[in-house]
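Asks: okay, predicted coordinates and the sequence, questions at the end:
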Amino acid sequence: MLKAVHFGAGNIGRGFIGYLLSKSGYEITFVDISKELVESINNYKRYNVIILKDNVEKEVVKNIKAIHIDDKEKLSKAILDADIITTSVGANNLKSIGEKLINYLKIRKANTDKPLNIMACENALFATNILKNSILEKGDKDFVDYVNQKIGFPNTAVDRIVPNVEIKKELPIDVAVEDFYEWDIEKKAIIGDLNIKGAELVDDLEPYIERKLFLLNGAHATTAYLGYLKGYKYIHEAIEDGFIRNIVSRMQEEASLALSRKHNIKKDDLEGYASKVIKRFKNPYLKDEVVRVGREPTRKLAGNDRLMMPAKFCYEIGVMPQFILYGIAAGFLFDYKEDPKAYEIQDGIKNFGLEKTISKVTGLEENNDLLQEIVKKYKELKETFRKR
Ligand SMILES: NC(=O)C1=CN([C@@H]2O[C@H](COP(=O)(O)OP(=O)(O)OC[C@H]3O[C@@H](n4cnc5c(N)ncnc54)[C@H](O)[C@@H]3O)[C@@H](O)[C@H]2O)C=CC1
Ligand SMILES: O=P(O)(O)OC[C@H]1O[C@](O)(CO)[C@@H](O)[C@@H]1O
């Protein structure tokens, strides 16, 4: 049986990566920092994936176990035996995972020359490269040669909405997901075969990952930030609001223009993709909270992420991306107190001023046209919706 080690047994780890690997015949060992989650997985040895739609479906994921990240002995054995290693721990945690992997890969080097593929399944551009670089950074020449020859590092784009919806569950580790999924994997970087049924191997990942990050995640963040501002709890409610819906659709049009110019993708294809995304946001069964989708705004509003990247591409081709900038401006008004990164932004605005904070988070110079436009829109949104 093929063996997978997956770091991060959370929503997407169980609801998508574990789900598809299990369907492809893999035995999965989850690795997590949560002792409770690890105990639960080892206790039940299976979980249900509940597919949220009109006629709810349930699929069982079996042949699973879990290891705590600090259990060196078990982790070493699991990594020695693995055919594939995947992660969904949050892009900010990849560097530390990479550093941890070094010693385990050295043990593997000494014991087997079986090929291995390692893939980071996070919402970030070329996340696997981050992981790969943190593994290679501290290695000597011998280790670097081994990694380059025996380990594949395909980048990926993973798309399935796995919310924190509260539904009736048979097991506490059951996970609820939308019906749709797409997993695009960089073909040229694979060593040997991946054997993942349902994943798509693509020659050039960049158009896929940018399409997903801008048209889905960017639109999602825009819906979340404007939804929060207007007092909605869920994404499916916010997207039905005419004002929000208009901004989201038009930001998708702006991002599509940039994508079609950059990658030569047909406008019709992008329009089809964008409208399917809106339909997915409308799924009332997901009960996806705006505060989950908007989480960690410092990451989402950064220069290399879902909103700033398409905004900069538009600007470079001579288009002022008015609607993408509304989403970004709304992000700076996201003052959800339970999100430390939202708090960090609000604290920055209070202590250093709006311009300086936008500049710090987005990487734009204070006199940049885009930054000035974000400031205008921030004030306009604040004046309109924070008067109450
Ligand atoms: N939920 C979703 O629909 C999707 C999420 N993603 C991406 O997947 C990643 C995870 O997201 P979710 O599953 O929603 O979050 P989550 O919070 O449900 O799961 C993350 C899991 O990783 C574990 N973790 C954190 N740091 C770790 C470490 N250093 N070592 C081992 N385990 C660690 C946490 O304990 C948790 O169980 C993020 O990068 C997200 O952007 C991508 C596509 C869809
Ligand atoms: O997982 P992140 O990057 O915090 O952002 C939430 C986003 O990820 C997803 O959970 C899945 O792509 C989307 O629902 C949402 O756009």
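Replies: Cool, got the structure. Ligands and ions are numbered 1, 2, ... in the order given.
Asks: in the chain, what residue is nearest ligand 1?
Replies: When scored by Cβ to the nearest ligand atom, the chain has Gly10 as its residue closest to ligand 1, at 1.7 Å. For glycine as for every other residue, the C-beta is placed from the backbone atoms N, C-alpha and C.
Asks: contacts only, for that residue.
Replies: Neighbour list for Gly10: Asp32, Leu37, Ser88, Val89 [criterion: Cβ atoms under 8 Å, 6 or more residues apart in numbering].
Asks: next helix or strand past whatever helix or strand Glu206 lives in?
Replies: In this assignment (DSSP states H and E), Glu206 forms part of helix 205-211. Using DSSP H and E, the next helix or strand after helix 205-211 towards the C-terminus is helix 219-229.
Asks: so Met251 sits right up against Gly218, yeah?
Replies: Yes: with contact defined as Cβ atoms under 8 Å, Met251 counts as touching Gly218 (6.8 Å).
Asks: and the closest residue to Leu75 other than its chain neighbours, what element?
Replies: For Leu75, ignoring the flanking residues on the chain, the nearest one in space by Cβ to Cβ, 6 or more residues apart in numbering is Ile67 at 5.4 Å. For Ile67, the host element (DSSP H and E) is strand 64-68.
Asks: let me see the contact set for the residue positioned nearest the centre of the chain.
Replies: The C-alpha lying nearest the average C-alpha coordinate of the chain belongs to Asn123 (Cα atoms, centre = their mean; 2.2 Å). Counting by Cβ under 8 Å, 6+ apart, Asn123 touches Ala91, Val158, Leu213, Asn217, Arg306.
Asks: can I get the residues you listed in CSV including neighbour count, distance to Val165 and pLDDT?
Replies: Output for the contacts of Asn123, formatted as CSV (neighbours: other Cβ atoms under 10 Å; distance: Cβ to Cβ, whole Å; pLDDT from 0 to 100):
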residue, neighbour count, distance to Val165, pLDDT
Ala91, 19, 23, 95
Val158, 24, 19, 97
Leu213, 22, 23, 97
Asn217, 19, 19, 98
Arg306, 29, 22, 98
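Asks: which pair in these spans the largest distance?
Replies: The two members of the contacts of Asn123 with the most space between them (Cβ to Cβ) are Val158 and Arg306, at 14.1 Å.
Asks: returning to that earlier point: of all the contacts of Gly10, which two lie farthest apart?
Replies: Distance extremes for the contacts of Gly10: the farthest pair is Leu37 and Ser88 at 13.1 Å, using Cβ to Cβ.
Asks: look at these two and report which has more neighbours.
Replies: Ser88 (27 against 20; other Cβ atoms under 10 Å).
Asks: quick one, phi/psi of that one?
Replies: Backbone torsions of Ser88, given as degrees, to the nearest 10, read phi -150, psi 80.
Asks: do I have it right that it meets Arg14?
Replies: No: applying Cβ under 8 Å as the test, Ser88 and Arg14 come out as separate, 9.3 Å apart.
Asks: dump stretch 346-357 to PDB, restricted to CA.
Replies: Taking Å, rounded to 0.1, in the frame of the first residue of the first chain, the C-alpha atoms of stretch 346-357 are listed here in PDB:
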ATOM      1  CA  GLN A 346      -5.900  48.200  13.800                       C
ATOM      2  CA  ASP A 347      -3.200  48.800  16.300                       C
ATOM      3  CA  GLY A 348      -0.900  50.000  13.500                       C
ATOM      4  CA  ILE A 349      -3.500  52.400  12.200                       C
ATOM      5  CA  LYS A 350      -4.000  53.800  15.700                       C
ATOM      6  CA  ASN A 351      -0.400  54.200  16.500                       C
ATOM      7  CA  PHE A 352       1.300  55.000  13.200                       C
ATOM      8  CA  GLY A 353      -1.500  56.200  11.000                       C
ATOM      9  CA  LEU A 354      -3.400  54.700   8.000                       C
ATOM     10  CA  GLU A 355      -0.800  55.400   5.200                       C
ATOM     11  CA  LYS A 356       2.100  53.900   7.200                       C
ATOM     12  CA  THR A 357       0.100  50.800   8.100                       C
END
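Asks: before we move on, the earlier item: now, which of the contacts of Asn123 sits nearest ligand 2?
Replies: Asn217 (4.1 Å).
Asks: which residues does the nearest residue to that closest one once chain neighbours are set aside contact?
Replies: Distances taken as Cβ to Cβ, 6+ apart put Arg306 closest to Asn217, at 4.2 Å, once the chain neighbours are dropped. Contacts for Arg306 (Cβ under 8 Å, 6+ apart) come out as Asn123, Leu213, Phe214, Asn217, Gly218, Ala221, Lys300.
Asks: out of these, who's near ligand 2?
Replies: Near ligand 2, judged by Cβ under 6 Å from any ligand atom, the entries from these are Asn123, Asn217.
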